[in-house]
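**Student:** Structure for this input, please:
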Amino acid sequence: MLEKVQIIAYNNQDYADSHKVNDPGNPFKAMINPENYSLDYKVEFTEGQGHGTSTAHQRFNFKKPDEMSFEFLFDCTGIIDNNPKESIHDDVEAFKKLLLEYDSDSHEPRFFKVIWGTFIFKGRCTALTINFKLFNSNGSPIRAVCKTTFKGSIDEQLRVATENAHSPDITHYRVVKSGETLPWLCYLVYGDSKYYMQVARVNNLVDFRNLQQGQQLFFPPIDKNSV
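**Tutor:** I've put the predicted structure just below:
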């Protein structure tokens, strides 16, 4: 038997069974599996060009959350399930409510787990477009296509563990090792050695060229766009 796509709603991003949303439409199971789905990956860079250079240098800023989008067919003609109904309106409204309604417990949009076989995507719904395709004699819609977009979301502790980041946008303390120089340490922290004078000033270093092994230095957040 062909597995159907499921969308399970949660009120917490730990996606635990205890945090499943108590809703008659949860989980949602597709009437017909989508023909395809798309995954969108983006990386953000800042471009900078030094004086006298002919090319721009791209510096990594951050990786944007992954996005997933696909379309679901809703049909009440009876052609698919031999169960004709007067209108598709209630089914589409229930789907919209599940995806977009604020959760009454967390007071914020819900978290979702999209499951199709071994494929699992976790995130939040950021867009829903409903296209009504077919109507009965009194004008009620009997077929609709719902295009959904989800943006990836993971637990903050898992995100930090996954990235293992040495970000220039947060505070760092480092203990000087033998042979290390301030420009080299700035390169390790910020990805660029040119910030050594700023670091020397905030650490009140009289002679930044002679660092002492075991010395602790403070590396403040740096706004690269303002430097």
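**Student:** Walk me through the domains of the protein.
**Tutor:** 6-162, 170-226 (automatic domain parsing).
**Student:** pLDDT score for residue 59?
**Tutor:** On pLDDT, residue 59 comes in at 61.
**Student:** next one: residue 185
**Tutor:** If you check residue 185, the pLDDT there is 89.
**Student:** Is it correct that it is in contact with residue 174?
**Tutor:** Yes: between residue 185 and residue 174 there is a contact under Cβ atoms under 8 Å: 6.0 Å. Any C-beta I mention is one placed from the backbone N, CA and C, and that applies to glycine too.
**Student:** shared neighbours of those two, anything?
**Tutor:** 217, 219 (Cβ atoms under 8 Å, 6 or more residues apart in numbering).
**Student:** which secondary element of this structure has the worst mean pLDDT?
**Tutor:** Ranking every helix and strand in the chain by mean pLDDT, DSSP states H and E puts helix 156-163 at the bottom, with a mean of 42.
**Student:** so what's the most centrally placed residue in the chain scoring on pLDDT?
**Tutor:** The structure's the chain has its C-alpha centroid closest to residue 65; by Cα atoms, centre = their mean the separation is 2.8 Å. At residue 65, the model reports a pLDDT of 72.
**Student:** biggest strand in the chain by residues?
**Tutor:** strand 119-135 (DSSP state E).
**Student:** next one: the next helix or strand after that strand to chain centre, how far?
**Tutor:** Using DSSP states H and E, the next helix or strand after strand 119-135 towards the C-terminus is strand 141-152. Relative to its parent chain, strand 141-152 has a centroid offset of 19 Å by Cα atoms, centre = their mean, to the nearest Å.
**Student:** now what about the longest helix along the chain, what contacts it?
**Tutor:** Ranked by number of residues, the top helix in the chain under DSSP state H is helix 89-100. Applying Cβ under 8 Å, 6+ apart, the contact partners of helix 89-100 are 7, 9, 21, 23-26, 28, 72, 74, 76, 109-110, 112, 125, 128, 130, 140-141, 144, 146, 148.
**Student:** and if you look at stretch 134-142?
**Tutor:** Against stretch 134-142 from outside (Cβ under 8 Å, 6+ apart): 75-77, 85-89, 92, 132-133, 143.
**Student:** The residues you listed: which two are farthest apart?
**Tutor:** 86 and 133 (16.2 Å; Cβ to Cβ).
**Student:** Which parts of this structure are strands?
**Tutor:** Using DSSP E, the strands of the chain run over residues 6-10, 28-29, 37-40, 43-48, 57-63, 67-75, 111-116, 119-135, 141-152, 172-175, 216-219.
**Student:** Could you tell me how far the shortest one lies from the centre of the chain?
**Tutor:** Offset of strand 28-29 from its chain centre (Cα atoms, centre = their mean): 22 Å.
**Student:** That strand pairs with which strands, parallel or anti?
**Tutor:** Here strand 28-29 has these sheet partners by DSSP bridges: strand 6-10 (antiparallel).
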